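coords below, sequence missing:
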């Protein structure tokens, strides 16, 4: 039985015809290795921006249905061009859009979820020896309405196709060389991870690392599809393999350090300590479509019988959040300040290996204390510990944590990160 | 029962978002008149050129299938934008590509013919009060392969849809104001025709007038769909109505004068006068895909028992034609010259009214003689007389014929041309 590899090329990897030729070369190389190849492609570079600009010239709020009709043309261009480029290299290729294949989604525009993928057309073309090029990001409803999958949609298309076709692996080609222990711009000796588990990758993504959209990783986890993040332009480098934790050997408690400076801290002071208050606040915010990240509630003060509730939201949601909180003031009977702090950053350590190892949290806090970094809030999950710090302390904090957990690529004992190929 | 109008906007009529707004206004205006409206759209202005350029960067001879995949994205953009523009003007609109509707064609790429059009989606949307925007130029096979219809394809899409939907009329919006008695750049007082028959329009098109592709007119004739050619930008002008001759009142023998300077004359001299010679020559040319227009065979010369065969071909086919003729020389046994004359022009008069009127031909020849124009070849059809003349005489010939048949717009008796709105 032949192995099937699904490859995905993002917009920067097919931004012009030269880059399309390069993507074709990578597809052909995999075919020459004796594998069947399905290639999922995004729209070329700035196509989407150009289409959105024209739509905005015609309408303040274009209908979701017509926006999806419009944006889906972007991948229509890139799939046909990539198929031509593969043919020019002497291999048979055929392109399909989502409607032709039957990538069935819910009937929701601009952020539909995939329900089902028909595989007969793809399998037939693979059996004929063709490299199959598929439009990412788009889908179609049972009714024949065109939909799009929203941010990170092409990654999700690729992983879903890999699951439906029972592929050996889904290779995500992009403009970075893999997943790093932390941002190499902050910590120069950050090392590329050879492997990372789905859960670690999800926590890293949520903690501010922008390599993959969490939805594609969730899908990969759900169907247990191994993913590889690798560079379109330095493809001799094998990138980072993302897979189930059960398949990994774990040598270190911490896999990566992430920083997220896109949040603000809100503190609602002197909230009456009675049941249902927190529920009212957070359901109000949810109804306004405001995502809340860390939440801390202090112990109730005995004398006033009040407490403080602190949480973080995206910087862009601060004004909406303040309004929503003010509107609850009378109903909930809080009289204190609503404090907003925009100058904070969230620093997180992630590692599936921390589950059974005591002392990881204290090592983290100690390392921050040694650098004089004050911790404003703490939250934890099974495989992540996040600390809120002053924004000006963030880089220092990341460096200290990267050091203390020995993530640098000059460490001899590091078996999870090989030398980055810069 | 509501009337249904099909409108078609070509690439220059949707070249940018301002022009798309204008097209939307024309669709809305028709809807406000109480009619149902289906709008067929081509790709925006230079989109096709841009897509072809990228394809050429990737492949010397891109596959027809992938070219059709690529080019069909052009209308995908324009239909969505036009639907948005209509919605912005307060009317409900929905866009469909050929695959969504089911515009079924033969399984041929780049010049497919429409076999069938499913109308249920369009009718349902019309019943919901929507203006329906449809992608022109493209189709889909029974197998779900995307095809395109070739030159003049969007006009053909529009007329075919009008036939399938039993529309009242198919309005072709373009950058000219209608069909003229002759080229207004040659004859300043050329008048716009109010009406013209399908057959006259076909002869005009074949005789060098580039307003409509003959295929769309043939389709309109076949299904008896009235077409109107009119300006996108001067829409108060009603353009030219194209319809069956039985619905027209004919006042003049001649409707229009056309000039075609894109042909060359070939004369094969001293061809043996025996059966089958002409057949061999023209079947050879047909097998080389060379279109032959006028053909004249002289009377056989008694003494040598040979004659001359003259015909016209496109200027671009001259070299191929000479080669083909040389290759037949031995087989057919002709020994004379093969003369090529590139400096000729075909001047034609067209008119359904000439059928029962004797003297039209002699009037034509006399008018040319009065101007000192030498006629090199003559060919006639039911509703057309074409004369081959020196290229340098062509403009003079057109003016003389336009005058003698009283086609100018300052003629009081002219009921078929109203004043052009220049």
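Okay, I see it. Treat the numbers as computed from the prediction; the structure is a model and nothing was measured.

Which secondary structure elements does whatever helix or strand residue A:20 lives in sit against?
Element membership for residue A:20, per DSSP states H and E: helix A:17-32. Where contact means 3 or more C-beta pairs under 8 Å, 6 or more residues apart in numbering or on different chains; DSSP states H and E, helix A:17-32 is packed against strand A:4-9, strand A:36-41, helix A:64-88, strand A:131-135, strand A:169-174, helix B:47-58. Yep, even glycine has a C-beta here, placed from its N, CA and C like the rest.

Output the set of residues of chain A in proximity to chain B.
A:17, A:20-21, A:51, A:54-55, A:57-60, A:62-63, A:65-67, A:69-70, A:72-73, A:76-77, A:79-81, A:83-85, A:87-88, A:94-95, A:97, A:99-100, A:121, A:144, A:146 (C-beta under 8 Å from any C-beta of the partner chain).

any chance of the helices and strands packed on helix A:17-32 in CSV, with distance to residue B:228 too?
CSV is the format used below for these (distance: least, C-beta to C-beta, whole Å):
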stretch, distance to residue B:228
strand A:4-9, 47
strand A:36-41, 42
helix A:64-88, 28
strand A:131-135, 38
strand A:169-174, 52
helix B:47-58, 25
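
Residue A:312: which of the ones you listed is closest?
strand A:169-174 (28.2 Å; C-beta to C-beta).

same question for the closest one, mean pLDDT?
Averaged over strand A:169-174, pLDDT sits at 95.

How about stretch A:282-300?
83.

Geometric centre of chain A: which residue is closest?
Residue closest to the mean C-alpha point of chain A, counted by C-alpha atoms, centre = their mean, is residue A:213 at 2.3 Å.

in the stretch 201-350 of chain A, which ranges drop under the pLDDT threshold?
Along the stretch 201-350 of chain A, segments meeting pLDDT under 70 span A:208-209, A:249-251, A:300.

quick one, what contacts the one residue in it that gets nearest to chain B?
Relative to chain B, the nearest point of the stretch 201-350 of chain A is residue A:232 (16.7 Å; C-beta to the nearest C-beta). By C-beta atoms under 8 Å, 6 or more residues apart in numbering or on different chains, the residues touching residue A:232 are A:9, A:12-13, A:19, A:22-23, A:26, A:173-175.

where does it fall, phi/psi-wise?
Backbone torsions for residue A:232, taken as degrees, to the nearest 10, come to phi -70, psi -20.

Could you report the distance from it to residue A:174?
7 Å (C-beta to C-beta, to the nearest Å).

and if you look at residue A:81?
Taken as C-beta to C-beta, the span from residue A:81 to residue A:174 is 19 Å.

okay, now the residue nearest to residue A:376 when sequence neighbours are not counted: neighbour count?
Closest residue to residue A:376 apart from its sequence neighbours, by C-beta to C-beta, 6 or more residues apart in numbering or on different chains: residue A:388 at 4.4 Å. Per other C-beta atoms under 10 Å in any protein chain shown, the neighbour tally for residue A:388 reads 25.

Which residues are in contact with residue A:388?
By C-beta under 8 Å, 6+ apart, the residues touching residue A:388 are A:265, A:294, A:312, A:344-347, A:375-378.

what about 10 Å?
Applying C-beta atoms under 10 Å, 6 or more residues apart in numbering or on different chains to residue A:388 gives the contacts A:260, A:263, A:265, A:293-294, A:296, A:310, A:312, A:341, A:344-347, A:374-379, A:394.

That one: which element?
Assigned by DSSP H and E, residue A:388 falls within strand A:384-390.

pLDDT averaged over that strand - what is it?
Mean per-residue pLDDT for strand A:384-390: 92.

Each with direction, which strands does it pair with?
Applying DSSP bridges to the sheet, strand A:384-390 is found paired with strand A:344-350 (antiparallel), strand A:377-381 (antiparallel).

following the longest one, which helix or strand comes up?
Just to be clear, that refers to strand A:344-350. Next element after strand A:344-350 (DSSP H and E): helix A:360-370.

Report all helices and strands that that following helix contacts.
strand A:344-350, strand A:377-381, strand A:384-390, helix A:394-404 (3 or more C-beta pairs under 10 Å, 6 or more residues apart in numbering or on different chains; DSSP states H and E).

Out of those, which one sits most buried?
Per residue and on average, the most neighbours among those fall to strand A:344-350, with a mean of 26 (mean count of other C-beta atoms under 10 Å in any protein chain shown).

do you know how far the residue of the stretch 101-250 of chain A found nearest chain B is from residue A:38?
As assessed by C-beta to the nearest C-beta, chain B sits closest to residue A:144 within the stretch 101-250 of chain A, at 5.2 Å. As for residue A:144, its distance to residue A:38 is 23 Å (criterion: C-beta to C-beta).

Looking at those two, which one has more neighbours?
Using other C-beta under 10 Å, the more surrounded residue of residue A:144 and residue A:38 is residue A:38, with 28 against 14.

What's the local residue count around residue A:233?
14.

The residue of the stretch 201-350 of chain A closest to chain B and residue B:120, how far apart?
44 Å.

Also residue A:110?
Residue A:110 is 27 Å from residue B:120, by C-beta to C-beta.

Have a look at those two and say which one is more surrounded.
Each of residue A:110 and residue B:120 has its neighbours counted (other C-beta under 10 Å); residue A:110 has more, 15 against 9.

confidence score at the more buried one?
pLDDT, residue A:110: 90.

just checking, it touches residue A:72?
No - under the criterion of C-beta atoms under 10 Å, residue A:110 makes no contact with residue A:72, lying 11.1 Å away.

who does the residue nearest to residue A:86 when sequence neighbours are not counted bridge with?
In this structure, residue A:86 finds its nearest non-sequential neighbour in residue A:93, 3.8 Å apart by C-beta to C-beta, 6+ apart. Judged by DSSP bridges, the bridge partners of residue A:93 are residue A:131.

which residues does residue A:93 contact?
With C-beta under 10 Å, 6+ apart, residue A:93 has these contacts: A:24, A:27-28, A:31, A:37, A:39, A:79, A:82-87, A:125, A:130-133, B:63, B:66.

and it, how far is that from residue A:320?
48 Å.

Now do the strands in the stretch 151-300 of chain A.
All strands of the stretch 151-300 of chain A, identified by DSSP state E, counting those that start in this stretch, fall at A:169-174, A:192-193, A:195-197, A:227-231, A:240-243, A:256-260, A:263-272, A:292-297.

Mind putting the ones you listed into TSV with mean neighbour count?
Formatted as TSV, these follow (neighbours: other C-beta atoms under 10 Å in any protein chain shown):
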stretch	mean neighbour count
strand A:169-174	25
strand A:192-193	25
strand A:195-197	25
strand A:227-231	23
strand A:240-243	24
strand A:256-260	25
strand A:263-272	20
strand A:292-297	16
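
can you put these in JSON lines and add distance to residue A:220?
Output for these, formatted as JSON lines (distance: least, C-beta to C-beta, whole Å):
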{"stretch": "strand A:169-174", "distance to residue A:220": "7"}
{"stretch": "strand A:192-193", "distance to residue A:220": "16"}
{"stretch": "strand A:195-197", "distance to residue A:220": "11"}
{"stretch": "strand A:227-231", "distance to residue A:220": "5"}
{"stretch": "strand A:240-243", "distance to residue A:220": "7"}
{"stretch": "strand A:256-260", "distance to residue A:220": "18"}
{"stretch": "strand A:263-272", "distance to residue A:220": "26"}
{"stretch": "strand A:292-297", "distance to residue A:220": "23"}
